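Chemist: Test case, fold it:
(2 chains)
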Amino acid sequence: MKAVVDSKIGAVLVVGGGIAGVQASLDLANSGYFVYLVERTAAIGGVMAQLDKTFPTNDCSMCILSPKLVECGRHLNIEILTLSEVKEIAGSAGHFRVKIIRHPRYIDETKCIACGTCAEKCPKKVKDEFNAGLAVRKAAYIQYPQAVPLKYAIDPVNCIWLNKPGRCGACAKYCPTQAVDFTQSDQEVIIDVGSIVLATGCGLSVGTVFQYANSPNIVTSLEFERILSATGPSRGHLLRPSDGTPPKKIAWLQCMGSRDRTNRYCSAVCCMYAIKEAVIAKEHSVEPLDTAIFFMDMRTAGKDFDRYQRRAAHESGVRFVRSRIHNISPLEDGGLLLRYALEDGRIIAEPFDMVVLSAGLKPAGNMIDLAERLNLEVDPYGFITTGDLSPIATSRPGIYVCGASEGPKDIPQSVMEASAAACGSATLLSEVRHTISREKTYPEELDVSGDEPRVGIFVCHCGINIAGVIDVEAVRTYAGGLPSVTYIEANLFTCSQDTQEKMKNVIKEHKLNRVVIASCSPRTHEPIFQETLREAGLNKYLFELVNIRDQGSWVHRNEPEAATEKAKALIRMAVAKICQAEALPTLRMPADRSVLVVGGGVAGMVSALEVAEQGYHVHLVEKGDGLGGQARLLRRTWRGEDVQAYLASLVEAAKSHPLIKVYLQAEVKNVSGSVGNFETTIISTADGTLWKVKHGAAILATGGQAAETGEYLYGEHPRVYRWHELDGAIAGDGGMIKGAQLAVFIQCVGSRDDQRPYCSRICCTHSIQTALELKRANPGIEIYILYRDLRTYGKREDLYRRAREAGIIFLRYDREDRPQVQAVTDATGSSRLKVSVTDRLLGERLELYPDFISLATAIEPGDQKALAGLFKVPVSEDGFFIEAHVKLRPIDLATEGVFVCGLAHYPKPIEESIAQARAAAGRATSLLAKGYRDIEGAVASVNPGLCIACLTCVRLCPYHVPVINAQGKAEIDPAACQGCGICVAECPAKAISFKYLTDKQVIAGCTALLREAVS
Amino acid sequence: MSAMTKSEIDPQFKFDLARRLGGDSIKRCFACGTCTASCPVSGVREDFDPRKIIHMILLGHKKQVLSSDMIWYCSLCNTCSFVCPQDVRFSEAMVVIRQMALENGYIPVSFQARWQQLERLGQQFRTEMLNSFLAERGQEQLLSPEELLRKAYAHCIGGK
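Modeler: Numbering: from 1, shown residues only, chains lettered A, B, ... in the order given. So this is what the prediction gives:
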């Protein structure tokens, strides 16, 4: 294959179809690039599709992932290449030529209707990888019920025909569409792309637990996810693999396959998923279930993770035992005896019914090969190498990496990085944006006004999520008999891609002009279903979503009959209501493409530069008198990169960029308008100058700061420093350090306490980094680090090991028994520091006389309440901005077009802030790239004839949208209205109506509900 | 036990140990307790706690460690080394620690001699056990430990 050097290509290759790859693909495809999404297996979805629930919200994993997969599957600018591998790459950033091998599916995707006959007829049973080997599938199979693309595949390793032609062929014989094609072979595909995003994800490692192979009741965490899952081997019933009985005691063993000799890194996600599994297992279990998590350090360092852990301990009653376990002895009844040592040296032997190994993440099996073929640097474990100050970028320009290909990380982090990697590609290719991508066009909308309502109803089983409680068949029969209903069907998963395709045809075929779907939450699924209506030529407001899952099967789990009746009643209401609905127009308005960035720290500057590099104007507002923010306190990243040099170049770049206007000593005073058309007033705090700027999106990067403290003699004794002050002292005067004999670091000062119940995330790493630096400068110094849980998550574990090898001593303390610091007078009459702390292993008090103390004080958010109010975005009780969805929209805020990054979101190290800043820039530009915005029809509107200008709406609107116009009447900007309906309900003159929920509709719904209830 | 003060601590202890063959792994310990839980000696003597001994070494409790009976309890079975996630080789370190205890005079001279005798007798006993087992099967007898050593030495320098 020849190398190509010519103009840039407006297409991107995304390798890996897990959540990171899917997010990167969607961001790019929505920003005007064409995407080739290459996936090794037969369907996209990755590991997230295998999970039961996700922390910290306990959302059903598949339920929140599925809409994204479907969106990916039907996106005009995404071509999914399944069963494919990247073989070879030539060229360079801007134009790569990629050779891809497409392995045969042996089933013609264009013919397969996913009826499942092939799998039913196939005689060959094999272990089902999707169910982690706990169930069987056939050689003709579909990965999981909601798979995208929803096409069967034949696995060539196990297929009888493919191994011995002429022997079987049952699938081909029975396939109703003749889709089976044994003649398919490997196809070579050559594509040209401008950039590449690697999102190859992770595999699992269980380390050296050799009993695992022989004991069915020892399972990996992924196997346990499948056991809990509704689509798993036991249909969501918590049963022990050996004998199918419900377990009464389950143990989770942490750090199996990580923090060990082979995988020295910390796997970063296991503490949280183990807690989640324990909590969910307790919920699943009919009998009381005893759960115990055996851990070394509880590494719940993410946003709201500590709260989740405390709730698990105190509300759910999950036991946490600080001990690493190696000894598992099988018992005769199938149980397992664990032998473990407590901190005080006591040894306990305790039997359990099941043991879950919290398996570590490792690079996906094909990662090292791929990295070699692509000539990319990897670390000793096979994870792709990036720099701290250039996260996302691999060693080869134009190739970006996100998610677990770079190191172990959780879903929000992977999603965030996916947006950042997409942003990297978008910035590189900004001049060829929109050159290959196509714009979605919809068929002309049918005018159904005046037509008799013809309602189609789709009732979803949602696997067993709904059908496990509600009698779906009874609901279907009942709803089919309701007035105006001309079509009804029940689906295993209404949201699956094939059902959506079928729905389009059904709408046309049966001339449906209203659709009711009885399934799950509009929050996750309404946009998908509305999109299907539009594709079928129906106005998207002729649609009603009835939530019989969250408000039915989930809350009435123990009353299946009542839940079934409720589902019927809700559908009856919806049908009556939708019959009164009218088509509402969606208005297309031009959108301003410039972006307002609030905060001139690293996060703010990086996002401003990314946006500007993509060719859009940026207004960068900083309240201080210079750019730089908290990074001015830092000297080096944890891997030793020079922060100050980086910061200087960043400030220079931001200041000199022609598209960035910097406002120093300035604040946001007022914000009006909405996404695409914000108008913001900026005020100079120096001289009161006002600037009015228009912008389409906003990025809030207002940062945080090192908290003050009054603990441990801080402020009273000159040798007690906060962490960054010690950094300053080290940089400033080597003398103090060189002469010192003993230093004490105290962790969690002002973090993880009642005032700030969160972990500040950076402190463990930072203290160790500083301690190692002290050791290098002065090898004779003794250093004690007093900690509660050592949280060197991910690859940072390496620092912890180096610190121990350097002789730094780590002593754990409990929140209830914190170290005591006193000033004492020594023999010479001078004041000395004295630290006393309980040595928990020896069970005695230890007294230390350090030359100085470093306090790992907390990171707290700046005062963001005023800004949050202006942008109408929520702030958590800890003072950080709350993202729109913690798992899958970690950069977006609740107000559309407003994004967050950096410390304003949560404490984080600089490399995560940089990645998040790029992600925010990517999300903002992706939103604005089109240059227009569609205004929803479901908004409030005022009938001026009835308005008495009482100001009720003006006072009550949480978004400050209604104004009294020149005519003395209330006016509501449809572009700004969020459709909450408060003004409609409160208007005393009934002058305001809500278009998607008129009085007529509400009355019709209520009448329908009561009519039957009374009769 | 009374509160330990810094004066009783020798921070160089762990470095001294680490400089000697077999003692270099001890600093890697992160106190997870896997060794203690899997130790067969801990199973019969609760006060024998490898994690605690390592911790005392790391803290620099040289005198306490070297004068303690505990360091003589280890059966050198290597179970702890096998299960340690950080590749700390406790048994190897114990051999060095015992050596240090001998060198630093923490052990009475009479006990030193007995200890060396015990080590030798251990080998003797093992050889005898094996020989009686082999005799039962009518197989060739092993040499005595001394002869074995001589033969091995000769082999190493290339002689017969």
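Chemist: Can you give me the distance of A:His839 to chain B?
Modeler: Not His; residue A:839 is Asp. 8 Å (Cβ to the nearest Cβ, to the nearest Å). Just so you know, the C-beta spots here come from the backbone N, C-alpha and C atoms, and that holds for glycine as well.
Chemist: Skipping its backbone neighbours, what lies nearest residue 53 in space?
Modeler: All of this refers to chain A. Using Cβ to Cβ, 6 or more residues apart in numbering or on different chains and skipping residues adjacent in sequence, the residue nearest A:Lys53 is A:Ile280, 5.3 Å away.
Chemist: oops, I was thinking of chain B
Modeler: In space, and not counting its chain neighbours, B:Ile53 is closest to B:Met70: 6.0 Å by Cβ to Cβ, 6+ apart.
Chemist: Can you check what pLDDT the model gives that neighbour?
Modeler: B:Met70 carries a pLDDT value of 91.
Chemist: quick one, strands of the stretch 201-350 of chain A?
Modeler: Under the criterion DSSP state E, counting those that start in this stretch, the stretch 201-350 of chain A contains strands at A:202-205, A:218-220, A:249-256, A:290-295, A:319-322, A:327-330, A:336-341, A:347-352.
Chemist: Determine which of the ones you listed approaches chain B most closely.
Modeler: Closest to chain B of the strands of the stretch 201-350 of chain A, according to Cβ to the nearest Cβ: strand A:336-341, at 3.9 Å.
Chemist: ok, and what's touching that closest one?
Modeler: Under the contact criterion Cβ atoms under 8 Å, 6 or more residues apart in numbering or on different chains, strand A:336-341 has outside partners A:211, A:215, A:217-218, A:251, A:294, A:321, A:323-325, A:327-331, A:347-355, B:33-34, B:36-38, B:42, B:49, B:51.
Chemist: Next up, the contacts around the residue nearest to A:Lys53.
Modeler: A:52-53, A:58, A:228.
Chemist: Where does the prediction get shaky in the chain?
Modeler: You didn't say which chain, so I picked chain A. By pLDDT under 70, the low-scoring segments of chain A are A:1-6, A:733-734, A:1012-1015.
Chemist: oops, chain B please
Modeler: B:1-7, B:142-145, B:148-149, B:151-153, B:155-160.
Chemist: Go again with 80.
Modeler: Along chain B, the model assigns pLDDT under 80 to residues B:1-8, B:109, B:115-116, B:118-120, B:122-131, B:133-134, B:137-160.
Chemist: that older thread, now the contacts of strand A:336-341: which count as buried?
Modeler: Neighbour counting by 16 or more other Cβ atoms under 10 Å in any protein chain shown classes A:215, A:217-218, A:251, A:294, A:321, A:323-325, A:327-328, A:330, A:347, A:352-355, B:33-34, B:36-38, B:42, B:49, B:51 among the contacts of strand A:336-341 as buried.
Chemist: Spell out which residues of chain B are next to chain A.
Modeler: B:1, B:3-6, B:11, B:14-15, B:27-34, B:36-38, B:42-43, B:46-47, B:49, B:51-52, B:55-56, B:58-59, B:83, B:85-87 (Cβ under 8 Å from any Cβ of the partner chain).
Chemist: which of those are buried?
Modeler: Buried among the residues of chain B next to chain A by 16+ other Cβ under 10 Å: B:4, B:11, B:14, B:27-34, B:36-38, B:42, B:49, B:51-52, B:55-56, B:58-59, B:83, B:85-86.
Chemist: And the contacts of A:Ile280, which two are furthest apart?
Modeler: Across the contacts of A:Ile280, no pair lies farther apart than A:Asn58 and A:Leu228, at 11.3 Å, counting by Cβ to Cβ.
Chemist: Mind checking which of these two has more residues around it?
Modeler: Using other Cβ atoms under 10 Å in any protein chain shown as the criterion, A:Asn58 and A:Leu228 rank with A:Leu228 on top: 21 against 14.
Chemist: How about the more buried one, nearest residue that isn't a chain neighbour?
Modeler: A:Asp52 is the one closest to A:Leu228 (Cβ to Cβ, 6+ apart), at 4.0 Å.
Chemist: which parts of chain A sit against chain B?
Modeler: Counting by Cβ under 8 Å from any Cβ, the residues of chain A close to chain B are A:207, A:255, A:259-261, A:296, A:323-327, A:339-343, A:345-347, A:742, A:782, A:790, A:800-801, A:804-807, A:809-810, A:812, A:839, A:841-842, A:844-849.
Chemist: mind running it again at 7 Å?
Modeler: By the rule Cβ under 7 Å from any Cβ of the partner chain, the part of chain A lying against chain B is A:259-261, A:296, A:323-327, A:339-341, A:345, A:347, A:782, A:801, A:804-805, A:807, A:809, A:841-842, A:844-849.
Chemist: Would you agree A:Lys53 is in contact with A:Cys63?
Modeler: No: using Cβ atoms under 7 Å, A:Lys53 and A:Cys63 do not qualify as a contacting pair, with a distance of 9.4 Å.
Chemist: number of nearby residues for residue 131?
Modeler: Here I'm looking at chain A. Residues lying near A:Asn131 (other Cβ under 10 Å) number 22.
Chemist: that answer is for a different chain, and I need it for chain B
Modeler: If you count neighbours by other Cβ under 10 Å, B:Asn131 ends up with 16.
Chemist: Please give the element, helix or strand, for it.
Modeler: Taking DSSP states H and E as the criterion, B:Asn131 maps to helix B:109-136.
Chemist: Off-centre distance for stretch A:891-900?
Modeler: Here stretch A:891-900 is found 14 Å from its chain centre; the criterion is Cα atoms, centre = their mean, to the nearest Å.
Chemist: Quick one: end-to-end length of that stretch, please.
Modeler: 5 Å (Cα to Cα, to the nearest Å).
Chemist: what's the answer for stretch A:138-155, then?
Modeler: Terminal-residue distance, stretch A:138-155 (Cα to Cα): 9 Å.
Chemist: Stretch A:460-476 too?
Modeler: 10 Å.
Chemist: what do you get for stretch A:231-247?
Modeler: Stretch A:231-247: ends 20 Å apart by Cα to Cα.
Chemist: Going by neighbour count, which residues of it are buried?
Modeler: Buried, per 16+ other Cβ under 10 Å, within stretch A:231-247: A:231-234, A:236-242, A:247.
Chemist: Farthest pair within those?
Modeler: Most distant of those, by Cβ to Cβ, are A:Thr231 and A:Ser242, 21.9 Å apart.
Chemist: And for whichever residue of the stretch 551-700 of chain A sits closest to chain B, the neighbour number?
Modeler: Nearest residue of the stretch 551-700 of chain A to chain B, counting by Cβ to the nearest Cβ: A:Trp638, 18.3 Å away. Neighbours of A:Trp638 under the rule other Cβ under 10 Å: 19.
Chemist: Show only the entries of the residues of chain B next to chain A found in helices.
Modeler: Among these, the members falling in helices (DSSP state H) are B:14-15, B:34, B:36-38, B:42-43, B:51-52, B:55-56, B:58-59, B:83.
Chemist: residue ranges for the helices of the stretch 151-300 of chain A, please.
Modeler: Assigned helices in the stretch 151-300 of chain A, in chain order: A:160-163, A:170-174, A:221-228, A:270-284 (criterion: DSSP state H, counting those that start in this stretch).
Chemist: Dump those helices into TSV; add distance to A:Asp290 as well.
Modeler: Shown next, in TSV, are the helices of the stretch 151-300 of chain A (distance: least, Cβ to Cβ, whole Å):
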stretch	distance to A:Asp290
helix A:160-163	46
helix A:170-174	46
helix A:221-228	16
helix A:270-284	9
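Chemist: Not counting sequence-adjacent ones, nearest residue to residue 36?
Modeler: As the question left the chain open, I've gone with chain A. Closest residue to A:Tyr36 apart from its sequence neighbours, by Cβ to Cβ, 6+ apart: A:Leu13 at 4.9 Å.
Chemist: wait, chain B
Modeler: Nearest to B:Thr36 is A:Ala341, by Cβ to Cβ, 6+ apart, at 3.9 Å.
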